[in-house]
Structure formats: structure tokens, C-alpha cells
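Quick one, what's the 3D model for this:
(one chain, ligands or ions: 1)
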Amino acid sequence: MQISDTQMAALLAAARTARQRAYAPYSRFAVGAALLDEQGRIHAGCNIENAAFPQGQCAEATAIGHLVLAGGTRIVAAVVVGVAAEPVTPCGGCRQRLREFAADDMPVWVADLDVVRARFTLGQLLPASFGPAHLGA
Ligand code: THU
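Below is the predicted model:
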């Protein structure tokens with residue numbers, strides 16, 4: 001699926017706005033994510049940390065929750081926004097979470113507050129992945 005410039009701009013804006021909502025008092029590392037679903041809708045999320053550290057949730061997981069709750073079934077593009085020396089790519093667990101609802105060619109853009117710093121496909125980030133088909137789903 002081709003992503004228009006307008007959709008891309010809207011995804012970036014949604015991820016940057018979501019990042020401002022991050023609850024990250026422990027790491028102080030705010031992340032925002034935005035997902036485009038199969039109906040052309042955008043679902044955003046921020047990271048939500050917890051005093052019991054392993055219970056923290058990544059921005060991508062929050063956004064996936066919003067997509068599912070809204071009735072979305074597929075992720076056709078993803079944007080992750082974070083500010084660091086290196087581009088903020090999805091963590092390993094979130095690559096698998098995205099994989100549940102996305103194809104190998106799904107684009108994943110990694111951006112900061114100013115520019116898109118890198119573009120990957122999900123297949124590049126998570127090659128030879130395990131997915132629903134393995135369970136016959
Ligand atoms: N984080 C995300 O929200 N998404 C990622 O893909 C990378 C890491 C969050 C988790 C934690 O709240 C903070 O960034 C520092 O690891």
C-alpha cells in the first residue's frame with residue numbers, strides 16, 4: 001500500500017503529539033508511535049512506565065491497543081518518534097507485536113522532532129519471523 005505525503009505528515013504529527021504524553025518518570029525517555037490501519041485511520045500511543053519497572057509499556061504497544069480497540073485489524077505503516085543520538089527503532093518485543101498485524105513489507109519510519117531519520121520494512125527489523133500462520137491462524 002502506498003502511503004501519501006499527507007498520511008505520512010499526519011502519522012508524524014500524531015506520533016510527536018503522543019510522545020508529549022509519555023509517562024516516563026524513570027527513564028525520562030519519551031517515545032511516541034503512530035500506526036496507520038487498513039481503513040486509513042491513525043492510532044497513536046506513548047510509553048507508560050511503572051514503578052515496578054518490567055510492567056512498563058512501550059509506545060508501540062499503547063498504539064496497537066488503540067488500533068485494536070477501534071476495530072482495526074491491520075497495520076499498514078508505523079512511525080516511531082524518539083530523541084537520541086541513534087535513531088529510535090522499535091525494541092525487539094515491539095517488532096514482534098507489530099508483526100502480529102503487519103506484513104513483512106510494512107514500512108517503519110523512525111523520526112525525531114525534526115526529521116525522519118531512517119526507514120525500514122518490518123521484515124528488515126524482524127527477519128524470518130514467527131507469526132499467526134505458524135499457528136494456522
Ligand atoms: N520505548 C518505547 O516506548 N518504544 C521502543 O521501541 C523503545 C523503548 C520506551 C520504553 C521505556 O519506557 C523507554 O523507552 C526507555 O527504554
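
Show me the strands in this protein, by range?
For the chain, the strands defined by DSSP state E occupy 32-37, 42-46, 75-81, 107-111, 116-121.

What is the burial count for the residue lying closest to Gly45 once chain neighbours are set aside?
Spatially, and ignoring its direct neighbours in sequence, Gly45 is nearest to Thr62 (2.8 Å; Cβ to Cβ, 6 or more residues apart in numbering). The way it works is simple: take the backbone N, C-alpha and C, and place the C-beta from them, glycine included. Other residues within reach of Thr62 by the criterion other Cβ atoms under 10 Å amount to 23.

Leaving out sequence neighbours, find the closest residue to the residue most central in space within the chain.
Central residue of the chain (Cα atoms, centre = their mean): Glu60, 3.9 Å from the mean position. Nearest non-adjacent residue to Glu60, counting by Cβ to Cβ, 6+ apart: Cys94, 4.0 Å away.

how far away is that neighbour from the ligand?
5 Å (Cβ to the nearest ligand atom, to the nearest Å).

Quick one: residues contacting that residue.
Counting by Cβ atoms under 8 Å, 6 or more residues apart in numbering, Cys94 makes contact with 58, 60-61.

Buried ones in stretch 15-29, by neighbour count?
Within stretch 15-29, the residues that qualify as buried are 15-16, 18-19, 22, 24, counting by 16 or more other Cβ atoms under 10 Å.

Kindly apply the preceding question to stretch 26-44 instead.
For stretch 26-44, by 16+ other Cβ under 10 Å, it's 30-37, 42-44.

Next one: it, is it in contact with the ligand?
Yes - residues of stretch 26-44 contacting the ligand under Cβ under 6 Å from any ligand atom: 27, 29, 31.

Looks like the first one contacts Glu49 (just checking).
Which is Ser27. Yes - using Cβ atoms under 8 Å, Ser27 makes contact with Glu49 at a distance of 6.5 Å.

Give me the common contacts of these two.
By Cβ under 8 Å, 6+ apart, Ser27 and Glu49 have no common neighbours.
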